[in-house]
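> Have a look; sequence and predicted model below, questions after that.
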Amino acid sequence: MINRVLIEKSVYPQRRTNTFANSGDYELNPLADQERAAKLTQAAVLLILVEREGQYSVLFTRRTEHLHHHPGQICFPGGRYEQGDISLAETALRETSEEIGIDAQQFEIIGFLENYETMSGFLITPVVAFLRPPFQLQLDSFEVAEAFEVPLTFFLNPQHQQQASREFRGQLRFYYQFEYDKRLIWGATAGILMSFYRRLQALLDNNELFNAQEAKNTNLHYVV
C-alpha cells in the first residue's frame, strides 16, 4: 500500500550529484552514449504529489502548441536553472509558480530522485513535493495549455508501462510512455516516473518480505 511514509523513504533527502553511464535517455539507448553532450544544461522539475485523505495523484501540465521546444507535450512543471536561483529546488519552485500560479510555500518538498540526462543535453533534477488542497491554479496561458492529475497508482501498474520508439536526429531512439485518458505521457517525464516507480517498488517488495517473515515467526498463514 502506498502511503506517506513509503513515499518519503523512496526519495533521496539531498540532490544526487552523480550520474550513471546509462541513466536517463541512455538507459534504453546505451549505444548512443558516444553522442553525449560535452556540457549539460542544468534544469529541475517538480514532481507534485497531490495528497487527499491518504490518496495521491501526480500533477502534470501540457505545453501549448506554439512553443518552440516540445510543443504540446505533457510534462512536470519546471525549467532550466538560472543564475539567481539559490538551488535547483528553488528552480523547480520558481518555474512551477510561473507556470501554474501556486506559491512555493504551499509545497512540502520531501526529497529528490536520480538526475535524468536527456539526449538533447539537459541534466534534469526531479524534486518531489506534497501539495495539499485547497489550492488555486492560475495557468500561464502562453506556456501551459492545461493542467491535470493522474492517480499515482496508475503509474505503479506494470501493465501501463510501455516502451516505444521514434526517430531522433536520424536514429531510432527508444523511450518509456504511459497512455492515460487519451493523453500520452512520454520521454523524460515518463522516464522520471519509471525511476520513481522502481524506488517505490523496491520498498514495497521489502515490506512484503518483512511481513511474510513476521507472519512465519508468529505462526500466521501469509501468502506473498
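In hand now; what should we look at? Quantities reported herein were computed from a predicted structural model and do not represent experimental measurements. Numbers count the residues shown, from 1 in each chain.
> Buried residues, stretch 141-152. List them.
E143, V144, A145, A147, V150, L152 (16 or more other CB atoms under 10 Å). For glycine as for every other residue, the C-beta is placed from the backbone atoms N, C-alpha and C.
> Can you add pLDDT and give those residues back as a markdown table?
Converted to a markdown table, the buried residues of stretch 141-152 look like this (pLDDT from 0 to 100):
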| residue | pLDDT |
| --- | --- |
| E143 | 96 |
| V144 | 97 |
| A145 | 97 |
| A147 | 98 |
| V150 | 98 |
| L152 | 97 |
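> What helices and strands are in contact with the strand of greatest length in the chain?
Longest strand of the chain, by residue count under DSSP state E: strand 41-52. The helices and strands touching strand 41-52, judged by 3 or more CB pairs under 8 Å, 6 or more residues apart in numbering; DSSP states H and E, are strand 55-63, strand 78-80, helix 88-100, strand 122-131, helix 188-217.
> Out of the buried residues of stretch 141-152, list just those in helices.
L152 (DSSP state H).
> quick one: which of the buried residues of stretch 141-152 is nearest F130?
L152 (11.5 Å; CB to CB).
> Tell me who's in contact with the closest one.
I2, L49, Y56, S57, V58 (CB atoms under 8 Å, 6 or more residues apart in numbering).
> Give me the phi and psi for the first one.
Pointing back at I2 there. phi -80, psi 120 (degrees, to the nearest 10).
> tell me the contacts of it?
So I2 contacts Y56, L152, T153, L156, L200 (CB under 8 Å, 6+ apart).
> just the second one next, same as before
When contacts are counted by CB under 8 Å, 6+ apart, L49 is found next to I7, Y56, S57, V58, L59, V128, A129, F130, L131, L152.
> Relative to F155, how far out is the fourth one?
The gap separating V58 from F155 is 7 Å, by CB to CB, to the nearest Å.
> Now do the shared contacts for the two.
L193.
> need the helices and strands packed on strand 41-52 in JSON lines with mean neighbour count, can you?
Listed next are those as JSON lines, based on neighbours: other CB atoms under 10 Å:
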{"stretch": "strand 55-63", "mean neighbour count": "19"}
{"stretch": "strand 78-80", "mean neighbour count": "19"}
{"stretch": "helix 88-100", "mean neighbour count": "22"}
{"stretch": "strand 122-131", "mean neighbour count": "23"}
{"stretch": "helix 188-217", "mean neighbour count": "16"}
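> mind putting those in JSON lines, distance to L31 and mean pLDDT included?
As requested, these are exported to JSON lines (distance: least, CB to CB, whole Å; pLDDT from 0 to 100):
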{"stretch": "strand 55-63", "distance to L31": "29", "mean pLDDT": "97"}
{"stretch": "strand 78-80", "distance to L31": "28", "mean pLDDT": "96"}
{"stretch": "helix 88-100", "distance to L31": "29", "mean pLDDT": "98"}
{"stretch": "strand 122-131", "distance to L31": "20", "mean pLDDT": "97"}
{"stretch": "helix 188-217", "distance to L31": "17", "mean pLDDT": "78"}
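> If I look at the nearest residue to I100 once chain neighbours are set aside, what pLDDT would I see?
Using CB to CB, 6 or more residues apart in numbering and skipping the chain neighbours, the partner closest in space to I100 is L137 (5.2 Å). As predicted, L137 sits at a pLDDT of 97.
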